[in-house]
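Engineer: Mind looking at a prediction? Sequence and model below.
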Amino acid sequence: MRILRQTVYVVGHKNPDTDSVCSALGYAALKRGLGFPDYFAARAGVVGTEARFLLRRFGLDAPLYLPDVKTKVQDVMKTDLLSVPMDAPIKQVYHRLQETHGKLAVIQRPDGSLGGIVTNSDLAMAFMGAVESDQHYLRFSLRTLLDVMQGTLLCGDIDAVVSGQIFIAAMSPPTMKRFLQPGAIIITGDRTEAQKIAAEVSACLIITGNAKIDPEVLAIASQRNMPVIVAPGDTYMAVRNVGLSRAVSDVMNQEPIVFAPEDLLSDVIKQTREARHRVYPVVNEKSRMVAGALFRDDLFGNSGRNLVLVDHNEKSQAVAGIEEAKILEIIDHHRLGDIQTSGPVLVRNEPVGSTATIVTKIARENAYDLPGEICGALLGAILSDTLVFRSPTCTDMDREMANYLAGRCGEDPEKLGFEMLRAGSEVESLPADQLIRYNLKEYHIGGNRAAVGQCEVVDTSRLLTRKDEILTEMDALCQSRDLAVMIMMFTEIMRRGTHLLITGPEKALIAAAFKQKFDPEGFFLPGVLSRKMQIIPKVTVALGG
Ligand SMILES: [Mn+2]
């Protein structure tokens, strides 16, 4: 799909959990249903097994994968370009540029690849060059010349390409003989003597004013297979038209600076600081086909991609390149973090158990009936975030919206919830490096960085047999991301508690926050199920945020 500027992406956080995936789908569907066709669900990472189960169950496609939202050349380039073949006469190119109010013509080779570009100023320069030079050497295709001059070919091969010095036979025959070089292109009127000299030595004879040609002259020319053209208009017009019949490839810029559609706009701005051309062609890297053109005016002042953030509001959790994007709305149920916007934003943040609850609420406020399959996905998201209504984050509002959605999609919440959690617990078999990143969120607290991962598991003790391997990966992540602390939560819904593993320079501080002495084995916290409500506030206090 081609990415259009007006498209609005509804996107959840990195390492998207079920709520992020389904709320994005739900809110995009709601917006489209309310008459905004440009809203599309996106995701900043891989869909987890739990969300995959829901998508399969309700026959939904995963949101569009959006690894970053940095502005690319394809977001701002123009695609309605004038493109002409290599042999188009410059007269035609000039007229088409005027008609289309264009500033640029793209010259395409027969295979569609870029031959070069021509701007209005290139055309002007070509003329000035011709005026200022004392060499009047030209090359053109006979077919093109006839077309431009509206002339008639009396003899010669129409497919020929003619080249030579332009010579106006205005002088008397003896003077003409003195100046004329063999192989010239001669333009003259109804002057039989001059025509005759031309037929003997020149490369091409152009007779103006639709004048008659002497049969003897034509016989000589035919014998030499030399092109003879009769054209309307006076000699001045003929001379101009010969100049305008030149192929555009003769005057084009053959080696313009080009960019690819995927190039980052920020890189382009850096690279063009010196060159400062008015326009750059955009060419597909593989096919070499012309995709568009980037005008200097397009480089600046664009507001980036349009986003609605769901299920997060912190920069560290947002899709890469968020600083270049334009945030239109935030719909979330987490603490307010550090995101800054350039303009006012609609923010809807409610202390409920899931973003899907808020999305459902907005749909009902607008009296809009979400499609059944979207209701199923939103129900799954509420069940996932509230651990089937058992998390302390679960509110009456979550239950109310879940019951409404269950009625609309015909599912039993408890049954769907546990089926989904079972499908999601495949996470236990992931390699340790993937396991810790599976549902990981990063926080900037005070001047510190902290990361907290959470996995819902069926049997914590079985997973803890891999503790050493998991701690090694956690340590490595601490190092590479310069984290003050990294916490893994292994939440067991049946036992209604969470086992914590902690690494990082501030691990003892975090253990103390939970009234524990640090132990590499970690510790089990009965009743703790929620990262947001039961872990993050303590981490925030401990790290002095
Ligand atoms: Mn959520």
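Structural biologist: Thanks, I have the structure now. Numbering: from 1, shown residues only.

Engineer: Residue numbers of the chain in contact with the ion?
Structural biologist: On the criterion Cβ under 5 Å from the ion, the ion has as its neighbours in the chain the residues Asp19, Asp311, Ser354, Thr355, Asp385. All C-beta spots, glycine's among them, are computed from the backbone N, C-alpha and C.

Engineer: how about a cut-off of 6 Å?
Structural biologist: Asp19, Asp311, His333, Ser354, Thr355, Asp385 (Cβ under 6 Å from the ion).

Engineer: tell me which of those is nearest to the ion?
Structural biologist: Within those, the smallest distance to the ion is 3.3 Å, found for Asp19 (Cβ to the ion).

Engineer: quick one: what helix or strand has that closest one in it?
Structural biologist: helix 18-33 (DSSP states H and E).

Engineer: Show me which residues of that helix are buried.
Structural biologist: For helix 18-33, the buried set under the neighbour-count rule, 16 or more other Cβ atoms under 10 Å, comprises 18-31, 33.

Engineer: Ok, stretch 73-91 next?
Structural biologist: The neighbour-count check on stretch 73-91 (16+ other Cβ under 10 Å) flags 73-78, 81-84, 87-91 as buried.

Engineer: Return the member of these nearest to the ion.
Structural biologist: So of the buried residues of stretch 73-91, ranked by how close each gets to the ion (Cβ to the ion), first place is Asp75, at 29.0 Å.

Engineer: Before we move on, what's the pLDDT of that closest one?
Structural biologist: The predicted structure scores Asp75 at 85 on the pLDDT scale.

Engineer: who touches stretch 349-365?
Structural biologist: Stretch 349-365 is touched from outside by 12, 19-20, 22-23, 26-27, 30, 33, 310-311, 313, 330-334, 336, 348, 369-370, 375, 377-379, 381-382, 384-386, 391, 393-395, 397-398, 401-402, 404-405, with contacts defined as Cβ atoms under 8 Å, 6 or more residues apart in numbering.

Engineer: that older thread, helix or strand right after the helix holding Asp19?
Structural biologist: Taking DSSP H and E, what comes next after helix 18-33 is strand 39-43.

Engineer: Output that following strand as CSV - backbone C-alpha positions only.
Structural biologist: Coordinates of the C-alpha atoms in strand 39-43 are reproduced here as CSV (Å, rounded to 0.1, in the frame of the first residue of the first chain):
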residue,chain,number,x,y,z
TYR,A,39,-7.6,5.9,10.2
PHE,A,40,-5.7,2.6,10.1
ALA,A,41,-4.6,0.3,12.9
ALA,A,42,-0.8,-0.1,13.2
ARG,A,43,1.6,-2.0,15.5
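
Engineer: Quick one: list the elements packing against that strand.
Structural biologist: Contact here means 3 or more Cβ pairs under 8 Å, 6 or more residues apart in numbering; DSSP states H and E; on that basis strand 39-43 packs against strand 8-11, helix 18-33, strand 64-65.

Engineer: Could you double-check that Glu473 lies in contact with Leu440?
Structural biologist: No - under the criterion of Cβ atoms under 8 Å, Glu473 is not in contact with Leu440, lying 11.1 Å apart.

Engineer: send the alpha carbons of stretch 182-199 over as PDB?
Structural biologist: As requested, C-alpha coordinates have been extracted for stretch 182-199 and formatted as PDB (Å, rounded to 0.1, in the frame of the first residue of the first chain):
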ATOM      1  CA  PRO A 182      29.900  20.300 -46.700                       C
ATOM      2  CA  GLY A 183      27.500  18.400 -44.500                       C
ATOM      3  CA  ALA A 184      25.600  21.500 -43.300                       C
ATOM      4  CA  ILE A 185      21.800  21.800 -42.800                       C
ATOM      5  CA  ILE A 186      20.700  24.500 -45.200                       C
ATOM      6  CA  ILE A 187      17.600  26.600 -44.800                       C
ATOM      7  CA  THR A 188      16.500  28.700 -47.700                       C
ATOM      8  CA  GLY A 189      13.500  30.000 -49.600                       C
ATOM      9  CA  ASP A 190      12.500  29.900 -53.300                       C
ATOM     10  CA  ARG A 191      16.000  30.400 -54.500                       C
ATOM     11  CA  THR A 192      16.700  27.700 -57.100                       C
ATOM     12  CA  GLU A 193      20.500  28.400 -57.400                       C
ATOM     13  CA  ALA A 194      20.900  28.100 -53.600                       C
ATOM     14  CA  GLN A 195      18.800  25.000 -53.500                       C
ATOM     15  CA  LYS A 196      21.000  23.500 -56.200                       C
ATOM     16  CA  ILE A 197      24.200  24.100 -54.300                       C
ATOM     17  CA  ALA A 198      22.600  22.700 -51.200                       C
ATOM     18  CA  ALA A 199      21.500  19.500 -53.000                       C
END
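
Engineer: in it, what's buried?
Structural biologist: In terms of neighbour count (16+ other Cβ under 10 Å), stretch 182-199 has its buried residues at Ala184, Ile185, Ile186, Ile187, Thr188, Gly189, Arg191, Ala194, Gln195, Ile197, Ala198, Ala199.

Engineer: Give the helix, strand or coil label for the third one.
Structural biologist: Per DSSP: H, G, I helix; E, B strand; the rest coil, the secondary structure class of Ile186 is strand.

Engineer: what's near enough to touch it?
Structural biologist: If a contact means Cβ under 8 Å, 6+ apart, then Ile186 has Phe167, Ile168, Ala169, Leu180, Ala194, Ala198, Ser202, Cys204, Leu205, Ile206 as its contacts.
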